[in-house]
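Q: Coordinates only, no sequence provided:
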């Protein structure tokens, strides 16, 4: 039959919208609960002296950062699956194909049938919210217009992706599943690969999502959008929403995805109704993705189970078997779903073999460090500073000699990779390069009794670094005043009893300047030993930090500058420090040799 409609078909648009009116009404009802009702409860509170406008901005912008993206994200696949539901029924697809409407006109009509109700719900919600505000004698147009703008971008973003996913399958239940899976595929793959890497690469630590965050719009929006207060005279005068740029980018991408969905819709075979994958070139992609995902998931699960024992050889064998099994289940399971038969093993084994080889190569790359990640340490001249932490002792160092010493220690740790050593040490090293980049290495099990080429134990190397002049100066600052001491305690034990000596800030300053610093300079106090984490005798704790500035006393700007924790364990060798404690009530029996 000759096609008569190129653009939107009003009849198709109207009937589709009317057909799914319960879905649109439910969406609007949830919005009315989330915003107008919430605004009414906030404005009617008698326990807040905050201005009405500030309360409204706080409520609306917070909703835009958290509740709104989740609601639109959940609604988008329901709307797209509903308006394109005829694609998943063979009889309805055949009837629809016989209508005198061009593919472009049908696609535009159906797409708008889901888009218009969603946008209309946002407009009605904003209108009702304005009435709520008007009932209290004001209207904050800035926050309401921001709500409309951001929710529109949310809708373009998520709905555009959902419309694309609706064209990829011919099954009603698969469409929202594909939408949900693909929305989190990138973070999931990064998480699984990072977990495997942390198991087999010595010194690698799982890190927060980085690049993959941008490939998951819902994660990126909730991570990078936010609300900040505008303060005036130590009080909040307004709230500002941050997230326009990232939402504009994802909204534009959503519009592009709608165009891509149109291209797929124009070439779609109506006979594909009921198929798990409606686009033929994507059938093999689906099998590879499901097989690879299941292989990585099962391998990472077994790696997590075995990582506690640090038995890398045994865990490698178990993870290899688990990854192969997961790949087999996922790959052939996908083929069974697409072919609708269990007889798939004789025809698709080549693709499975290639996928299994790729996963095996990936696992071997991690296990045997084929890329040299463990040995890839920065050059000393490229390091600006390094933060080193070992058995609860940590500090930042920048002297060239200390940076070189940390790099030598790091190389010795890698050269003597820990196995089942019962006596092991925790070491964390974070290099800050001159270009701003970071090299992070975390070693949960460092062999304590291994020696380097010079005959020094690894723990002795660490002690030399932590007891260097720069490290001592970091732990015991000298440019202090009596107003910087805010909390001090001296705890001691005699037998099974623990007691404390009360020390005022003024006394702490006198004790620190006249006793502690001189004993530190003499070398009788302040030295650390990373291999000795036990506690006995006297243990003193001092907090030194600058006074808070007036701007830092706000409810949302609390900061402490130049904060230092001084920890000491006086002995009979630290004569000044110990004598001062005895004068202030410390029993001599508590002093250790």
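A: Alright, I've got the coordinates. Treat the numbers as computed from the prediction; the structure is a model and nothing was measured. Numbers count the residues shown, from 1 in each chain.

Q: residues touching residue 140, list them.
A: 53, 56, 57, 133 (CB atoms under 8 Å, 6 or more residues apart in numbering). Where C-beta positions appear, they are placed from N, C-alpha and C, glycine not excepted.

Q: For these, give me a markdown table that also has pLDDT.
A: A markdown table is the format used below for these (pLDDT from 0 to 100):
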| residue | pLDDT |
| --- | --- |
| 53 | 88 |
| 56 | 92 |
| 57 | 93 |
| 133 | 94 |
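
Q: Closest one of those to residue 328?
A: Of all these, residue 328 sits closest to residue 57, with 54.7 Å by CB to CB.

Q: what about that closest one, which SS state?
A: Recorded secondary structure, residue 57: helix (DSSP: H, G, I helix; E, B strand; the rest coil).

Q: so it touches residue 237, yeah?
A: No. The criterion here is CB atoms under 8 Å, and residue 57 misses it with residue 237 at 10.3 Å.

Q: thinking again about what came up before, find the pair from the contacts of residue 140 with maximum spatial separation.
A: Checked with CB to CB, the contacts of residue 140 reach their widest spread between 57 and 133, with 11.1 Å between them.

Q: what stretches of the stretch 201-350 of the chain score poorly on pLDDT?
A: By pLDDT under 70, the weakly predicted segments of the stretch 201-350 of the chain are 208-209, 233-234, 308-314.

Q: all helices in it, in order from the N-terminus.
A: Applying DSSP state H, counting those that start in this stretch to the stretch 201-350 of the chain gives helices spanning 211-214, 217-224, 244-267, 283-307, 312-339, 349-367.

Q: My read is that residue 184 contacts residue 216, right?
A: Yes. Counting by CB under 8 Å, residue 184 touches residue 216, with 5.8 Å between them.

Q: Would you mind putting the helices of the stretch 201-350 of the chain into TSV with distance to residue 542 and mean neighbour count alongside?
A: Output for these, formatted as TSV (distance: least, CB to CB, whole Å; neighbours: other CB atoms under 10 Å):
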stretch	distance to residue 542	mean neighbour count
helix 211-214	41	16
helix 217-224	38	19
helix 244-267	44	16
helix 283-307	38	20
helix 312-339	43	19
helix 349-367	45	16
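
Q: wait, which of these is closest to residue 34?
A: Comparing these by CB to CB, helix 217-224 comes nearest, at 15.9 Å.

Q: relative to helix 244-267, how tilted is that closest one?
A: Per axes from the mean of the first three to the mean of the last three CA atoms, to 10 degrees, the angle that helix 217-224 makes with helix 244-267 is 180 degrees.

Q: Packing partners of helix 217-224?
A: helix 67-83, helix 141-168, helix 211-214, helix 244-267 (3 or more CB pairs under 8 Å, 6 or more residues apart in numbering; DSSP states H and E).

Q: What residues does residue 32 make contact with?
A: Counting by CB under 8 Å, 6+ apart, residue 32 touches 125, 128.

Q: do you know how far it is from residue 246?
A: The gap separating residue 32 from residue 246 is 27 Å, by CB to CB, to the nearest Å.

Q: With residue 185 instead?
A: Using CB to CB, residue 185 is found at 19 Å from residue 246.

Q: about what we covered before: tell me which of residue 184 and residue 216 has more neighbours.
A: residue 216 (20 against 15; other CB atoms under 10 Å).

Q: hang on, that one packs against residue 190?
A: No. The pair residue 216 / residue 190 is not scored as a contact, 9.7 Å apart, by CB under 8 Å.

Q: Can you tell me the SS state at residue 104?
A: Counting by three-state DSSP, the backbone at residue 104 sits in helix.

Q: Test my guess that it contacts residue 262.
A: Yes. Using CB under 8 Å, residue 104 is in contact with residue 262, at 6.8 Å.

Q: sorry, back to before: of all the helices and strands packed on helix 217-224, which one is nearest residue 433?
A: Of all the helices and strands packed on helix 217-224, helix 211-214 comes closest under CB to CB, at 19.2 Å.

Q: follow-up on the earlier one: quick one: closest of the helices and strands packed on helix 217-224 to residue 359.
A: Comparing the helices and strands packed on helix 217-224 by CB to CB, helix 211-214 comes nearest, at 18.8 Å.

Q: Measure how far the closest one is from the centre of its chain, please.
A: Distance, stretch centre to chain centre, for helix 211-214: 10 Å (CA atoms, centre = their mean, to the nearest Å).

Q: And that helix, what does it pack against?
A: Helices and strands touching helix 211-214, by 3+ CB pairs under 8 Å, 6+ apart, are helix 185-200, helix 217-224.

Q: so can I have CSV of those showing distance to residue 317?
A: CSV is the format used below for those (distance: least, CB to CB, whole Å):
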stretch, distance to residue 317
helix 185-200, 12
helix 217-224, 34
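
Q: Please name whichever of those is nearest to residue 156.
A: Closest to residue 156 of the helices and strands packed on helix 211-214, according to CB to CB: helix 217-224, at 10.7 Å.

Q: I'd like to check the angle between that closest one and helix 67-83, please.
A: For helix 217-224 against helix 67-83, the angle by the same axes, to 10 degrees is 170 degrees.

Q: can you list contacts of helix 217-224?
A: 65-66, 69-70, 73, 154, 157-158, 161, 183-184, 187, 209, 213-214, 243, 246-247, 250, 253.

Q: what's across from residue 446 in the sheet?
A: Residue 446 has these beta-bridge partners by DSSP bridges: residue 425.

Q: just the one 5 residues further on next, same as before
A: Listed beta-bridge partners, residue 451: residue 457 (assigned using DSSP bridges).

Q: you'd agree residue 563 is up against residue 487?
A: No. Residue 563 is beyond contact range of residue 487, at 11.6 Å (criterion: CB under 8 Å).

Q: okay, and the common contacts of the two?
A: residue 543.

Q: got a list of what the closest residue to residue 320 other than its chain neighbours touches?
A: Distances taken as CB to CB, 6 or more residues apart in numbering put residue 363 closest to residue 320, at 6.1 Å, once the chain neighbours are dropped. By CB under 8 Å, 6+ apart, the contact set of residue 363 is 196, 200, 299, 316, 319, 320, 323.

Q: Could you measure from residue 363 over to residue 579?
A: Applying CB to CB, the value for residue 363 to residue 579 is 62 Å.

Q: how's the chain carved up into domains?
A: The chain breaks down by automatic domain parsing into domains covering 10-278, 284-367, 380-473, 476-590.

Q: would a markdown table of those with distance to residue 374 be doable?
A: Supplementary listing: the domains of the chain in a markdown table, determined by distance: least, CB to CB, whole Å:
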| stretch | distance to residue 374 |
| --- | --- |
| domain 10-278 | 5 |
| domain 284-367 | 11 |
| domain 380-473 | 5 |
| domain 476-590 | 22 |
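
Q: Those domains: lowest mean pLDDT?
A: Among those, domain 476-590 has the lowest mean pLDDT, at a mean of 78.

Q: tell me how far that domain is from the chain's mean position?
A: 37 Å.

Q: Tell me how many other residues surround residue 281.
A: Neighbour count of residue 281, defined by other CB under 10 Å: 7.

Q: what separates it from residue 581, distance-wise?
A: For residue 281, the distance to residue 581 equals 79 Å [CB to CB].

Q: try residue 167
A: When distance is defined by CB to CB, residue 167 is 77 Å away from residue 581.

Q: before we move on, the earlier item: and of the contacts of residue 363, the nearest to residue 525?
A: Closest to residue 525, out of all of the contacts of residue 363 and judged by CB to CB, is residue 200, at 43.2 Å.

Q: Wait, the closest one touches residue 365, no?
A: No. Between residue 200 and residue 365 there is no contact, the gap being 9.2 Å when judged by CB under 8 Å.

Q: and residue 538, how many neighbours?
A: Neighbours of residue 538 (other CB under 10 Å): 23.
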